[in-house]
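1. Sequence first, predicted model second:
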Amino acid sequence: MLVFVLYVLALEMPVVSGSDETGLKFGNDGYSIISFQPDMASLSEKFTFCLWIRTNTSESTYQMPFAYEQDELFIDSIKSGNRNRYRLFGSTGHVSSEHIPEMGTWYQYCGTWSLASRTFRAYVNGALAGTMSTAAGRKLKTGGTFVLGDYYDTVATGGATGSCDFGGEMYNLNLFSKELTGTEIAALSADGLCTPLPDQLDEYRVIRWEEVLELTRKGTVQDIQIRCGDFETELEKTQRLLQEAISEKEELQSSLRSTQVELLEVKGQRDSAIEELQEVKETMLTNENELNNIKTELRNVSLKLNGTKTELVNARIELGESNIAFENSRLELNETKIVLESSRLELNETKSVLESSQLELNETKSVLENSIVELNENKIVLESSRLELNETKIVLESSRLELDETKSVLESSQLELNETQSVLESSILKLNETKSSLESSRLELNESQIELENTELELKTALEKECELQKGHLTKWDVLYSCPFYNKVFTRRLHKQLRTTWGSPTRRLLGMKITDKVIALIKDLDEDNSCVDG
């Protein structure tokens, strides 16, 4: 709708009279030029050029409106990329503006430079488009040829370039012997194509447009009428608004298509989300039912645990009685430790020959201390205490053997001491006393072993009496429900203990956690059938 309104306004716009100005239209045959040799002396150290250009369809790669001494100074519009390029001082460099000209539209191009500033500035429609620094002391050449419509005088050289002919329209080319400021450049295009030149700049004009129009032309160079006034200005504005409206319409249509595609994608995502939500709801209902079942099972397990706790309390009472016997054994071992420590101190006073004996006594002390630790660790439940007593029996037997070895070493040491001086005789007597003390300790340990074996027999008798499985009584398997065993991993150590006391539990249970099912399986595998469920 906006495009249609602007089009109607353009058609119905009244024609307002205005003044006529003359421009030039160059043919694109490669020979349409104006060539002349102006006096450039006043421009060698500073200059400004400005002209209006409207490009048309051309086969040229470089549409070149003018050039002075070929690449000493020129401006062109590169067809590839459709951008403007300003060249100054030959191969020293050029300025490429970001401006992209449209066919059939008038643009003003200006360039300024001075020896003092050493900066070439390029302008498009009064706005700075780019800059380039020049070498110190470099001036603009004088006495050269100025060509309008091409890169050089193709007629005089007898051949067209074929790639640089302008083929467009030109208006109001002027060169000033002054480096105009950015403000002054902007003022030259403030009112568009027909902006008048300020009077104060007239004295600086070296090349004047009205004089260019009087020069000799070559090829097809024709005058064109440029009507200045409201008509020209309003028409261009209306065309620009029309073009902007068309571009905006295309952008809106493209945005609408993209939005429609995105909307379809969002709808698809929404449908997928609804399906996933429904699946989640169904999963939640299933999980809720499973959770209720688990809660019911947990309540049943809690009731079973309460009964197990009662049984464990009774087991702890029986363990307390067993701890007393263990404590007596520990005291006896401590007394033995004191005797051994006294012997070690006495042996330290002897010569280096007795040091080996001292080390062996220290090893005996370590074995006895390890036995105390193992006994203390077996105070938790009745069954674990019984199993640890079996291990203590083995350790005590080993200690007895070590004591026998120590006795042999001491006897050997006694023979060596007999060979020493009389000063060592007192040490030999003390060693004999130590030997006697160790023998006494060994006898005491043997008595402790006999007492522990008697205790084991009593415990076994008590367990066999409980085979009737009367309510509130424990069996040997119920010990596995206690904290040290229940829900723990079935280890090789436990397997060894069970084999020692219960028969032949299978090794295939190694690595499994002790649960109700595992305990029932151990009971079934136990070779001792004297105690079965009634």
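-> The structure has been received and is ready for your questions.
2. For this protein, just list every one of the helices.
-> With DSSP state H, the ranges of helices along the chain come out as 2-12, 154-157, 182-187, 209-212, 230-348, 355-377, 382-419, 425-465, 492-501, 516-525.
3. pLDDT (mean, whole number) over the second one?
-> Okay, so that is helix 154-157. Averaged across helix 154-157, pLDDT comes to 58.
4. Could you do the first one as well?
-> Per-residue pLDDT over helix 2-12 has a mean of 48.
5. Out of the helices of the chain, flag the one nearest residue 137.
-> helix 182-187 (25.3 Å; Cβ to Cβ). Just so you know, the C-beta spots here come from the backbone N, C-alpha and C atoms, and that holds for glycine as well.
6. Quick one: list the elements packing against the closest one.
-> Applying 3 or more Cβ pairs under 8 Å, 6 or more residues apart in numbering; DSSP states H and E, one finds that helix 182-187 contacts strand 119-124.
7. Any buried residues in the strand it packs on, and which?
-> Using 16 or more other Cβ atoms under 10 Å as the test for burial, strand 119-124 gives 120, 121, 122, 123, 124.
8. now swap in stretch 195-211 and tell me
-> 195, 197, 201, 204, 205, 206, 207, 208, 209.
9. Most remote residue from the middle of the chain, which is it?
-> residue 422 (83.9 Å; Cα atoms, centre = their mean).
10. Against residue 520, how distant is that one?
-> Residue 422 sits 74 Å away from residue 520, going by Cβ to Cβ, to the nearest Å.
11. Then residue 300?
-> 17 Å.
12. picking up where we left off before, can I get the helices of the chain in TSV including distance to residue 104?
-> Formatted as TSV, the helices of the chain follow (distance: least, Cβ to Cβ, whole Å):
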stretch	distance to residue 104
helix 2-12	15
helix 154-157	26
helix 182-187	24
helix 209-212	22
helix 230-348	9
helix 355-377	103
helix 382-419	105
helix 425-465	115
helix 492-501	98
helix 516-525	95
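13. Relative to residue 41, which of those is closest?
-> That would be helix 209-212 among these, by Cβ to Cβ, at 17.0 Å.
14. Quick one: list the elements packing against that closest one.
-> Counting by 3+ Cβ pairs under 8 Å, 6+ apart, helix 209-212 packs on strand 169-176.
15. CA atoms only for the strand it packs on, dumped as CSV, please.
-> C-alpha atoms of strand 169-176 as CSV (Å, rounded to 0.1, in the frame of the first residue of the first chain):
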residue,chain,number,x,y,z
GLU,A,169,26.9,11.9,-17.4
MET,A,170,28.9,14.7,-15.8
TYR,A,171,28.1,18.1,-14.3
ASN,A,172,29.8,21.0,-12.6
LEU,A,173,33.5,19.9,-12.6
ASN,A,174,35.7,22.5,-10.8
LEU,A,175,39.3,22.4,-9.5
PHE,A,176,40.2,24.8,-6.7
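16. How far off centre is that strand?
-> On the basis of Cα atoms, centre = their mean, to the nearest Å, strand 169-176 sits 61 Å off its chain's mean C-alpha point.
17. Touching it from outside, list them.
-> Residues outside strand 169-176 that contact it (Cβ atoms under 8 Å, 6 or more residues apart in numbering) are 21, 23-26, 38, 43, 47-54, 56, 65-66, 106, 148, 193, 197, 201, 204-209, 212, 224, 226.
18. Can you say which of these are buried?
-> 21, 23-26, 38, 43, 47-54, 65-66, 106, 148, 193, 197, 201, 204-209, 212, 226.
19. on that earlier part again, ok, so of the buried residues of stretch 195-211, who is nearest residue 330?
-> residue 195 (117.0 Å).
20. Please report the distance of the closest one from residue 130.
-> In terms of Cβ to Cβ, residue 195 sits 22 Å off from residue 130.
21. go on, residue 262?
-> Distance from residue 262 to residue 130, by Cβ to Cβ: 40 Å.
22. the more surrounded of the two?
-> residue 130 (19 against 10; other Cβ atoms under 10 Å).
23. gap between the closest residue to the more buried one other than its chain neighbours and residue 151?
-> Closest residue to residue 130 apart from its sequence neighbours, by Cβ to Cβ, 6 or more residues apart in numbering: residue 95 at 4.0 Å. Between residue 95 and residue 151 the computed distance is 18 Å (Cβ to Cβ).
24. and what of residue 54?
-> In terms of Cβ to Cβ, residue 54 sits 20 Å off from residue 151.
25. what do you get for residue 206?
-> For residue 206, the distance to residue 151 - Cβ to Cβ - is 22 Å.
26. Check residue 438 too.
-> From residue 438 to residue 151 the distance is 123 Å (Cβ to Cβ).
27. just residue 64 next, same as before
-> On the measure of Cβ to Cβ, residue 64 and residue 151 end up 5 Å apart.
28. Quickly list what's touching both of the two.
-> Common neighbours of residue 64 and residue 151 (Cβ under 8 Å, 6+ apart) are 74, 164.
29. between those two, which one's more packed in?
-> residue 64 (28 against 21).
30. How confident was the prediction at that one?
-> 82.
31. which residues does it contact?
-> 74, 75, 76, 77, 149, 150, 151, 164, 165, 166.
32. Residue 218 pairs with what?
-> residue 33 (DSSP bridges).
33. from what I can see it touches residue 34, true?
-> Yes - with contact defined as Cβ atoms under 8 Å, residue 218 reaches residue 34; the gap is 7.1 Å.
34. Looking at those two, which one has more neighbours?
-> Shown here are residue 218 and residue 34; by other Cβ under 10 Å, residue 34 has more neighbours (23 against 17).
35. what's the spacing between that one and residue 28?
-> 15 Å.
36. what does residue 290 give?
-> 87 Å.
37. what about those two, which has more around it?
-> For residue 290 versus residue 28, the count of surrounding residues by other Cβ under 10 Å is larger for residue 28: 19 against 10.
38. Could you report the pLDDT at the more buried one?
-> 81.
39. likewise residue 521?
-> pLDDT, read off for residue 521, is 81.
40. what sits against it?
-> Taking Cβ under 8 Å, 6+ apart as the test, what residue 521 contacts is residue 509.
41. Can you check the pLDDT for the residue positioned nearest the centre of the chain?
-> The centre of the chain sits closest to residue 269, judged by Cα atoms, centre = their mean, with a distance of 27.9 Å. On the pLDDT scale, residue 269 is placed at 89.
42. any idea how far it lies from residue 259?
-> 15 Å.
43. Repeat that for residue 282.
-> Residue 282 is 35 Å from residue 259, by Cβ to Cβ.
44. again with residue 370
-> The separation that residue 370 has from residue 259, given Cβ to Cβ, amounts to 82 Å.
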